[in-house]
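J.: Below: sequence and its predicted model.
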Amino acid sequence: MLALALHGGAGTIARASLSDEAEQLYRAALQAALDTGYGILESGGAALDAVEATVRSLEDCPLFNAGRGSVFTHEGHHEMDAALMDGRLRRAGAVAGVRQVQNPIRAARLVMEQTEHVLLAYPGADALAIEHGLPVQPPEYFFTQHRYDQLQEALREGRVRLDHSRAQAEPAPLEEPGHFVEATADPNWKKGTVGAVACDRHGSLAAATSTGGMTNKRYARIGDSPIIGAGTWADARCAISCTGHGEYFIRAVAAYDIACLMEYKGLSLQEACRIVVHDKLAPAGGEGGLVAVDAAGNVTLPFNSEGMYRASRTAVQAPYVAIYKE
């Protein structure tokens, strides 16, 4: 059964934090990405092609923290991560820290299809993309004033941020172990990652995830998005793409845990996702969410935060686009 679901970040997304105009822009971008991916499924295309195209649409939109809208690192550049997985054979490809590739998700697929590896990091991942003719862009392409202003604020306050996030405590220099800068609150806290999952007419599943990481991040930090089993997973049973505070999703092996609950305990997709998001991640401090689909075309979009940019459509469900808790 045809099904597609996508996300564009999760966290404390309060209704009061978005103007009517901004909300409409987000909804339009989510709808456009949904139409792109589902159109491929409707025309007989593969789930893998659908999720790649969906994520590319979101990467090209400066509203989301991926591709063109990626946040700045401490050094003032961009380090982007992405992963893609084909559930039929459990093939996967991922890139970490790329700086030039216009669409990191395309580089992830290149790793899967043109190399013997699963995960390549900068600078090798960029070099591979250039060798194979993927579009690359200068730093100016990835510059947005909003993201630059976020970096300046984070630098002044000595902290890191997850997209528009409430401040995250930034460790002080190593000679002062255990000391953290006090975090302040931001009313528009959201986790900046985009992703998609799909089921095609053959029941094949695929997942794709892409992110620009954390504002003011240092030391080439990598989150869960390009880590197979943590932020991205697809097999014969389910496909998962996560968004949230990556360190928690990595420690929980969140995406694969859902697949395990389905395989070993016989749980439904919805119940397995509920357990991971609400019973495991939330108590540990892992705020965020995910989108998931199974081989029967069932879709679920759970999150334990105040909101999540999300959309879905199936053969029996009309297009659905939402931001806040309902």
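T.: Thanks, I have the structure now. Numbers count the residues shown, from 1 in each chain.
J.: can we go C-alpha only for contacts and neighbour counts from here?
T.: Will do.
J.: how close does Gly308 sit to Val291?
T.: Rather than Gly, residue 308 is Met. Remark: distance between Met308 and Val291 (CA to CA, to the nearest Å) = 10 Å.
J.: if I look at those two, which residues touch both of them?
T.: His7 (CA atoms under 8 Å, 6 or more residues apart in numbering).
J.: Now the terminal residues of stretch 211-224, how far apart.
T.: Span of stretch 211-224 from end to end, CA to CA: 10 Å.
J.: what's it in contact with?
T.: Contacts of stretch 211-224 (CA under 8 Å, 6+ apart): 65-67, 69-76, 78-82, 96-97, 150-151, 154-155, 159-163, 192-194, 225, 230-232, 245-247, 249-250.
J.: before we move on, what SS does Ala5 have?
T.: Secondary structure assignment for Ala5 (DSSP: H, G, I helix; E, B strand; the rest coil): strand.
J.: ok, and the closest non-adjacent residue to it?
T.: Nearest residue to Ala5 in three dimensions, chain neighbours excluded: Ser312, at 4.1 Å (CA to CA, 6 or more residues apart in numbering).
J.: Quick check: what element follows the helix or strand where the one you found lies along the chain?
T.: In the assignment (DSSP states H and E), Ser312 maps to strand 307-314. Counting by DSSP H and E, the next helix or strand C-terminal to strand 307-314 is strand 320-324.
J.: Could you name the helices and strands sitting against that following strand?
T.: Under the contact criterion of 3 or more CA pairs under 8 Å, 6 or more residues apart in numbering; DSSP states H and E, strand 320-324 touches helix 20-42, strand 307-314.
J.: Sheet-wise, list the partners of it with their directions.
T.: With DSSP bridges as the test, strand 320-324 is paired with strand 307-314 (antiparallel).
J.: Let me see the ranges of the helices in the stretch 1-150 of the chain.
T.: Applying DSSP state H, counting those that start in this stretch to the stretch 1-150 of the chain gives helices spanning 20-42, 47-59, 104-114, 124-131, 145-157.
J.: mind checking which of those helices is nearest Gln317?
T.: The closest of those to Gln317 is helix 20-42. By CA to CA, the value is 12.1 Å.
J.: For Ser210, which residues are in contact?
T.: 55, 59, 66-67, 80-83, 104-105, 193-195, 225-226.
J.: Gln317: which of those residues is nearest?
T.: Among the contacts of Ser210, and counting by CA to CA, the member closest to Gln317 is Gly195, at 19.7 Å.
J.: Give me the nearest residue to that closest one, chain neighbours excluded.
T.: Thr209 (4.1 Å).
J.: mean confidence score for the helix or strand containing the one you found?
T.: If you go by DSSP H and E, Thr209 is part of strand 205-211. Across strand 205-211, pLDDT averages out at 98.
J.: partner strands of that strand, parallel or antiparallel?
T.: By DSSP bridges, strand 205-211 pairs with strand 80-86 (antiparallel), strand 193-199 (antiparallel).
J.: Between helix 104-114 and the last one, find me the angle.
T.: Right, strand 193-199. Angle of strand 193-199 versus helix 104-114, following axes from the mean of the first three to the mean of the last three CA atoms, to 10 degrees, is 50 degrees.
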